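> From the sequence below, what's the structure:
(one chain, ligands or ions: 2)
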Amino acid sequence: MPIRILPADLAAKIAAGEVVERPASVVKELVENSIDAEAQEIRVEIAQGGRQLIRVSDDGCGIPAEQVEVAFARHATSKIASAEELYRVRTLGFRGEALASIAAVSRLTLTTRSADEPVGTVVRYEGGSLAHREAVARNQGTDIRVENLFYNTPARLKFLRADATESGHVARLMSSYALAFPGMRFELQSNNRLVSRTTGTGQILDVVLALYGLDVAEQMLEIRQGDYERDGVSVWGLIGAPGLHRSNRRDMIFFVNRRWIQDQSLSFAVSQAYHTLLPQGRHPLVVLNVALPPEDVDVNIHPTKQEVRFRQQNAVFAAVQRAVRSTLMAQHSVATAPMPGRSAASWMRQQEARHLAPGVAQTAIEFQTSPREHAPSLVPAPEKALARPTERLPMLRVVGQIAQTYIIAEGPGGLYLIDQHAAHERIRYEALQTQKASSQVTVQELLEPQTVELEPQQATLLEEHLEQLAAWGFDIALFGRNTFLVKAVPVGLAPETLPVALSEMLDAASEGGPGFSWADQALMTLSCHTAVRAGQTLSQQEMRELVQQLERSSLPHTCPHGRPTMLHLSQAQLERQFLRS
Ligand code: ADP
Ligand code: MG
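Ligands and ions are numbered 1, 2, ... in the order given. Below is the predicted model of the structure:
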C-alpha cells in the first residue's frame, strides 16, 4: 500500500481513542473542565452505564459565544499558551483534546453561558461535525450531554462492560474528585436514581462521611506533613486507622497537586507504612494529597493525564511513607502515666470521653481553600494543630489468665483482654529489631550443638543467609551436605522447634512479594517461634512482665502479622452492658 494521509474523520477517531476509553473517561474530562471552570456545583447524570447518556452540568464560568466552536477544535485550550506554561500547569486540563475527542465519537450537545453575556449558546455535534447552533437563555455555566457514545466506532462499543461495571467506574471517579475538592458540591445520578451527593463544606471528612458512612469516617486519621514551599513536598489528607481495611487497593486514592492519579509507587509506599499493622493481603483506606512545586512534576506523560512523573521520585516516595508511618505511630504511641500536674481522675475522664465519642468531632478538618482559589494554592492554608487524642496503652494491672491463652488486665480505661501469643509476638518482633539494629542480640548457647538437615533448596538458601541469621543470634555452620550444626539460637527459641522455625524462615525467603523483605518476613517468623504459645500457663510474674513490655512497644495493638493483640471494654461499655448508666 502506498503511504497516504488519513482522512480527517478517521484521524479524529484514532486520536479520540487515546482519550476516551469508556464512559468514565468522558465523565473525567468533563468534570475536570467543570473544576477548571471554578464551578461550585457539578452534577453528573448517566443512563445505561453511560452508553446511552452522560450529562455533566456546572455553574462555572461558561464559554463566551464566539469561542464555543473553537473549544471543539483539536488542541484548543484556554489553559496554557506556551511551552513554558506546560511545565507549570495548575489546571487539570491543558491538552485541548477532550471536547474534540468526545464530540468525534458521540452525539454531543453543549449549552453554555458565560458570566458577562446576556444570552447563552447551544451547539450540537454529530460524530465531530457541527449539526446545529443557536442562542438560548440559561443561567451562567455549562451543560454537556453526550449521547450514544461510540455509536460510530463499533469496535470500541464492543469493549464496554456490563452497565453496572461502567457505572461503577463512574461512581468511583466521582468519589475521588469529591474527595479532592471538598469545597465543591458533587452529585451523581444513574438511571434517574441518586447515587451520591456531597455538600461542599470544604471538609474532606464530610465527603468521607457522605460517601463511606459514619463507621468509616470515625476511623479516619488526619495526616498533614511537610510544607512544599519549604520542604519541596507536602502530604495531607486522611488515612484509615489500622482496624479499617479492604481486600483491594481501590480505596487508596492519590492526588498530586489535586490531580487524581494512579501511581503504583505511592500505593507501595503506603502499604509499606502500614506494614505489620494490617492483616496480610489487606489494604488500607487512604485519601492522600501530595503537593509539590508544579515544575517538579510532569503531568504530560499520558493522554488521560492519569499518570505523572516526579522529578524526584524517591523523595516523594519517602515523604509519603514517612508521613503515613508517623501518623500511625503517633496514634499508637505509648502512655507512660497520667500527665504530671493533672489528676488521674481527669486523665481517666479524658480516656473515657475518647471511648465514648471517637471520631468525627475530633478529626474534623477545616480546609481553608475555597474552590475559587484552588488554582493558585495547592495546599490548604495551615490550620491550628488538631489535638486528636492518641491511641495509648495505659499502665495495666494483671488480674489473671483464662483458657491459658488470654490475660485479663485492668487499666484506667476499663478492661483489657490480651492474646498472650499475639502480644508477645509483637514484643519479640520489636525486641529483635532493636537488638539487631544495635548489634546486641541476646544469644542462647545450646547445651549440645544440634544438627539440622534441610532439603537441598533450603540448604542453599540457608547458606546464603547465614550472615544475616548470625545478626539475630544464630550460630550456624555448614556441617556436611545439606546438614548444618547449630551452636546458638536467639533467646526464646526452643531447640526442639529449631528445624521448623528455620525452614519457615527460609520459606519466607523463597516467597518474597512486594512490601516484604526477606529479613522482615524471617523476623516475623522468628518472633512467632520465640513468643509464648497459646495454651501455656503463665505465672503472675510472667504475665506482669509481658504486659509491661507490651506497654513499652511502639505499636502495641497488633501483632506483626496485623492481628489484634487485645480487646478493650471501657468502663462506660461495661456500665452500659450491665444497665448501670
Ligand atoms: P482543555 O481542558 O485541555 O483545555 P478541553 O477540550 O477539555 O481542553 O476544553 C477546551 C476548552 O473549552 C477549555 O480550555 C475551556 O476553555 C473550555 N471549556 C470546556 N469545558 C468547559 C466548562 N465546563 N466550562 C467552561 N469552559 C469550558
Ligand atoms: Mg479538559
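> Quick check: residues of this structure near ligand 2?
33, 93, 98 (CB under 5 Å from the ion). From N, CA and C alone the C-beta is placed, and that goes for glycine too.
> pretty sure residue 88 contacts residue 295?
Yes. Shown here, residue 88 and residue 295 form a contact pair, counting by CB atoms under 8 Å, at 5.6 Å.
> Show me the beta-bridge partners of residue 309.
Under DSSP bridges, the beta-bridge partners of residue 309 are residue 298.
> residues touching it, list them.
Neighbour list for residue 309: 297-298, 301 [criterion: CB atoms under 8 Å, 6 or more residues apart in numbering].
> which of the residues you listed has the most neighbours?
Comparing these on neighbour count, residue 297 comes out first with 23 neighbours (neighbours: other CB atoms under 10 Å).
> per-residue confidence at that residue?
You'll see residue 297 listed with a pLDDT of 90.
> do the same with the one 5 residues further on
In this model, residue 302 is scored at 81, pLDDT.
> Contacts only, for it.
Contacts of residue 302 (CB under 8 Å, 6+ apart): none.
> Check the one 3 residues further on too.
Listed by CB under 8 Å, 6+ apart, the contact partners of residue 305 are 92, 95, 259, 299.
> Now that residue 306 has come up, it's in contact with residue 263, right?
No. Using CB under 8 Å, residue 306 is not in contact with residue 263; the gap is 9.2 Å.
> count of neighbours near the closest residue to residue 242 other than its chain neighbours?
Nearest residue to residue 242, sequence neighbours excluded (CB to CB, 6 or more residues apart in numbering): residue 277, at 4.0 Å. Residue 277: 24 surrounding residues under other CB under 10 Å.
> do you know how far the closest residue to residue 147 other than its chain neighbours is from residue 128?
Spatial nearest neighbour of residue 147, excluding adjacent residues (CB to CB, 6+ apart): residue 107 at 4.6 Å. To residue 128, residue 107 is 10 Å away according to CB to CB, to the nearest Å.
> Look at those two and report which has more neighbours.
residue 128 (21 against 17).
> which ones are touching that one?
Residue 128 neighbours (CB under 8 Å, 6+ apart): 9, 12, 100, 103-105.
> hmm, try it at 10 Å
8-9, 12-13, 16, 72, 74, 100-106, 108, 152 (CB atoms under 10 Å, 6 or more residues apart in numbering).
> Over to residue 580?
Contacts of residue 580 (CB under 10 Å, 6+ apart): 571-572, 574.
> Doesn't residue 125 lie inside a strand?
Yes. Using DSSP: H, G, I helix; E, B strand; the rest coil, the secondary structure at residue 125 is a strand.
> could you say which helix or strand contains the residue nearest to it when sequence neighbours are not counted?
Leaving aside its sequence neighbours, residue 125 sits nearest to residue 103 (CB to CB, 6+ apart; 4.2 Å). Residue 103 is part of helix 98-104 when elements are defined by DSSP states H and E.
> What residue in this protein comes nearest to ligand 1?
residue 93 (2.2 Å; CB to the nearest ligand atom).
> what does this protein put close to ligand 1?
29, 33-34, 37, 58, 60-63, 71, 76-79, 93-100, 142 (CB under 6 Å from any ligand atom).
> For PyMOL, what selects the buried ones among the residues you listed?
Only the buried entries of these go into this PyMOL selection, using 16 or more other CB atoms under 10 Å:
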select buried, resi 29+33+34+37+58+60+61+62+63+71+77+78+79+93+94+95+96+97+98+99+100+142
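> where does the stretch 451-581 of the chain dip in pLDDT?
509-516 (pLDDT under 70).
> could you redo the last one with a cut-off of 50?
514 (pLDDT under 50).
> Check the chain too.
Those would be 333-390, 514, if you go by pLDDT under 50 across the chain.
> before we move on, what SS does residue 462 have?
Of the three states, residue 462 takes helix under three-state DSSP.
> Was I right to think the residue nearest to residue 242 contacts residue 556?
No. If you go by CB atoms under 10 Å, residue 277 and residue 556 don't touch, sitting 11.3 Å apart.
> from what I can see residue 25 touches residue 304, true?
Yes. Under the criterion of CB under 10 Å, residue 25 makes contact with residue 304 at 6.5 Å.
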